[in-house]
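>>> predicted coordinates and the sequence they were generated for:
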Amino acid sequence: MGILKPITEWATSPWGQSVPIHVAWFLIWVAAIAGLLFVIAHAIYVRYFAKPSRFGPDSAPVILAQIPEHVHRHSLTARIFHWIMAASMFTLLFTAFLPRVAVQFDWVTYHWIAGAVLTISIVFHMIHASFFLDFWSIWPDKIDLRDAWRRTQRFMGKPAPPPERFAKYPLENKLYHGIIIVAGLSAIVTGVFMMSRVRSTFFPRNPYLFSDMTWGMMYVLHGLAGVGLIGLITMHVYFGIRPEKRPITKSMIFGWMSRDHFLEEHDPSRWVIKTAASSQAPTEALPED
Amino acid sequence: MAVIRDVMPAFELLQPNSITEAQKLLEHHGQEAWVLAGGLDSFDWLKDRIKKPQAVVDLSGIEELKGVRATGDGIEIGAMTTLTEVVNNPIIRQKYGLLAQAAELVASPQIRNQGTLGGNVSQDARCWYYRAGWPCYRAGGNICYADTPESRNREHAILHADRCVAVNQSDSAPALIALDAKFVMRTPKGERVVDAEDYFIGPNIDITRLHILRPGDLLTAIRLPSAWADAKFYFEKIRDRNSWDFPLLNVASAMMVSGNRIERIRVAVNAVAARPLRLKAVEDAVRGKSPSATTGEMAGALAVHGAVPLQFNAYKIPLMRNLVKRAIGGVEEARWAS
């Protein structure tokens, strides 16, 4: 437990056992400041030091010619899920941490309701993504890893072939999604158990479901996931409003991205668009996510 | 857990002579400061070595905080005025008898001689799991030891529990709410005046405090407006030992009756939730009706709406219903037929 000591608060239980009770609240500021520093550092890097992206050769003209003006990226269902998840996530963060920085309001009820909404939406997303979307599109593949190495080499000034254009999601998106899965599921699973400690409509109260130590670790994990999400959401919002990323943000609102952006960033052979050309209708791409 | 009940931890004793000086000291020491009024709550914490403040700000030398003064619209009672002085003050006895009744029922004569009105309304929760130093929600932990099937929770909350089920056990608080008192505070941003009912907060707002005072804040006085002077008052406190005990439940009402109709009324109860509750629904329901047993019975039923008993405090629901009934209809009127 030594590693946890500096970032957690401990107490002595009635049975004389030293148990963790929750994460140390200074981590809220650590996460917020870390997120802010990342934003500032990245913005400075992009503004003054970053070189233009260079990718490998374009796809064959015959393939490019089939790309429609509006490339479908997110179905309406996926977009609705994303924004419900965003609303519940913001509600959870604000209701969890504003009271810790002296903004007082009746936060518990809003917090567990938002948590229930998030849990339901995540369960829906897992089913939807597993059976109705291209499940593997969000997971890193071999080309991603190879290109990541190439990009790193080129960043260090060493010779390496240019990376290929991205599939549907760039590697950064995929890694972010992976981290969000870890943080989000940690918060959700522990949060569901913690519901048994408050009066809600879901479970009868049972504070003795686990031992004090297990409960303590659960609160710590919930808190660590929560403060982690402060930094992660800060970064997500930042990238969502960056000029070069706005086509992606717009696609999460309108469902499509422009042909120009698609050709600039994505590889049609890695993100196969089922164009209407293949079904004799040349102007629109068909939903495939 | 070892509990030492005789030797207090070392702290710096600060004895300011003015409100301004006290407020500056509190602001300077922030969360490490402890406000000492009569000491009846403080010394329990300190002698049990559960609270270990770096600095104790003793208010006993500040004359501005003591005594009862007439104002343009009623009276102002200094926060350091003792409960005995409140009980014996002729203006309070004559015009605000409700407060005198409530203060007279606090603890024992010795405690009333030492205890202050400000301390009585600002005292911490008396839940023994919390007072024993266990790491419960109110102490910053993640569990309520009083809200389990095995807990001794006879004295605990039946309304507005939110993780913590401790109650506010001030006797003067519901009387002050019924009298529409204003609480005057000195904060780092200046003077702040709030309605009595807004001085108290439940665990849904802040689970670690029973009132709105934050580090650096100081309750300086309580003002009673003339609007409720000479009203028809009712105060009743139920406790295990009539000689000296905290309330299991208390009720206070101030009523203006005209032509056997309740023209204006304020009713508050305490020891049923973490804050004293003003019963606005009851006030609205009985306004315009006669102060009779029938009205009281209706008011009592309305008062306990939404009550959720714990394992050992279900008795508080009929108790609260009956006390509210008596507060509206009077003791004789409210006698049950059965």
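Done, it's in. Numbers count the residues shown, from 1 in each chain, chains lettered A, B, ... in the order given.

>>> C-alpha from now on. contacts and neighbour counts both.
Fine.

>>> so which bits of the stretch 51-200 of chain B are right by chain A?
B:134-135, B:141-144, B:148, B:162-163 (C-alpha under 8 Å from any C-alpha of the partner chain).

>>> possible to save these as CSV with secondary structure?
Putting those into CSV (DSSP: H, G, I helix; E, B strand; the rest coil) gives the following:
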residue, secondary structure
B:Trp134, coil
B:Pro135, coil
B:Gly141, coil
B:Asn142, coil
B:Ile143, coil
B:Cys144, coil
B:Thr148, coil
B:Asp162, strand
B:Arg163, coil
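
>>> which residues of the chain fall in strands?
Reading this off chain A. The residue ranges that make up the strands of chain A, judged by DSSP state E, are A:8-12, A:18-23, A:70-72, A:256-258.

>>> right idea, wrong chain: chain B
For chain B, the strands defined by DSSP E occupy B:12-14, B:33-36, B:55-58, B:68-71, B:74-78, B:182-187, B:190-195, B:218-224, B:232-238, B:249-258, B:261-270, B:277-278.

>>> helices or strands up against the fifth one?
Read that as strand B:74-78. Using 3 or more C-alpha pairs under 8 Å, 6 or more residues apart in numbering or on different chains; DSSP states H and E as the contact criterion, the elements in contact with strand B:74-78 are strand B:68-71, strand B:218-224.

>>> can you list contacts of that strand?
The contact list for strand B:74-78, computed with C-alpha atoms under 8 Å, 6 or more residues apart in numbering or on different chains, reads B:64-70, B:117-118, B:220-226, B:229.

>>> at 7 Å what do you get?
Identification of contacts with strand B:74-78 by C-alpha atoms under 7 Å, 6 or more residues apart in numbering or on different chains yields B:65-70, B:220-226.

>>> buried ones among the residues you listed?
For these, a burial check counting by 16 or more other C-alpha atoms under 10 Å in any protein chain shown picks out B:65-68, B:220-226.

>>> the residue of the stretch 151-289 of chain A found nearest chain B: neighbour count?
The minimum distance from the stretch 151-289 of chain A to chain B, using C-alpha to the nearest C-alpha, falls at A:Val198 (5.7 Å). For A:Val198, the tally of surrounding residues (other C-alpha atoms under 10 Å in any protein chain shown) stands at 22.

>>> of the contacts of strand B:74-78, closest to chain A?
For the contacts of strand B:74-78, the minimum distance to chain A (C-alpha to the nearest C-alpha) is 22.6 Å, reached by B:Thr220.

>>> how far away is the closest one from B:Thr187?
Taking C-alpha to C-alpha, to the nearest Å as the criterion, B:Thr220 is separated from B:Thr187 by 10 Å.

>>> and what of B:Asp240?
B:Asp240 sits 38 Å away from B:Thr187 when distances are taken as C-alpha to C-alpha.

>>> settle it for me: which of those two has more neighbours?
B:Thr187 (20 against 10).

>>> what does stretch B:136-151 contact?
When contacts are taken as C-alpha under 7 Å, 6+ apart, the neighbours of stretch B:136-151 outside the stretch itself are A:21, A:207, B:129-130, B:135, B:152-153, B:163-165, B:207-208, B:310-311.

>>> closest one to B:Asp284 out of those residues, please.
Proximity of those to B:Asp284 (C-alpha to C-alpha) peaks at B:Val165, which lies at 27.5 Å.

>>> what is the neighbour count of that closest one?
28.

>>> ok, the residue lying closest to it once chain neighbours are set aside - contacts?
Nearest non-adjacent residue to B:Val165, counting by C-alpha to C-alpha, 6 or more residues apart in numbering or on different chains: B:Ala157, 5.1 Å away. By C-alpha under 7 Å, 6+ apart, the contact list for B:Ala157 reads B:165-167, B:271-273.

>>> top of those by number of neighbours, please.
Top of the contacts of B:Ala157 by neighbour number is B:Ala166, holding 33 neighbours under the definition other C-alpha under 10 Å.

>>> thinking again about what came up before, turn the strands of chain B into JSON lines, columns for mean pLDDT.
Formatted as JSON lines, the entries for the strands of chain B read as follows, by pLDDT from 0 to 100:
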{"stretch": "strand B:12-14", "mean pLDDT": "97"}
{"stretch": "strand B:33-36", "mean pLDDT": "97"}
{"stretch": "strand B:55-58", "mean pLDDT": "98"}
{"stretch": "strand B:68-71", "mean pLDDT": "96"}
{"stretch": "strand B:74-78", "mean pLDDT": "98"}
{"stretch": "strand B:182-187", "mean pLDDT": "97"}
{"stretch": "strand B:190-195", "mean pLDDT": "97"}
{"stretch": "strand B:218-224", "mean pLDDT": "98"}
{"stretch": "strand B:232-238", "mean pLDDT": "97"}
{"stretch": "strand B:249-258", "mean pLDDT": "97"}
{"stretch": "strand B:261-270", "mean pLDDT": "97"}
{"stretch": "strand B:277-278", "mean pLDDT": "98"}
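
>>> list the contacts of B:Gly38.
With contacts defined as C-alpha under 7 Å, 6+ apart, B:Gly38 is in contact with B:114-116, B:119.
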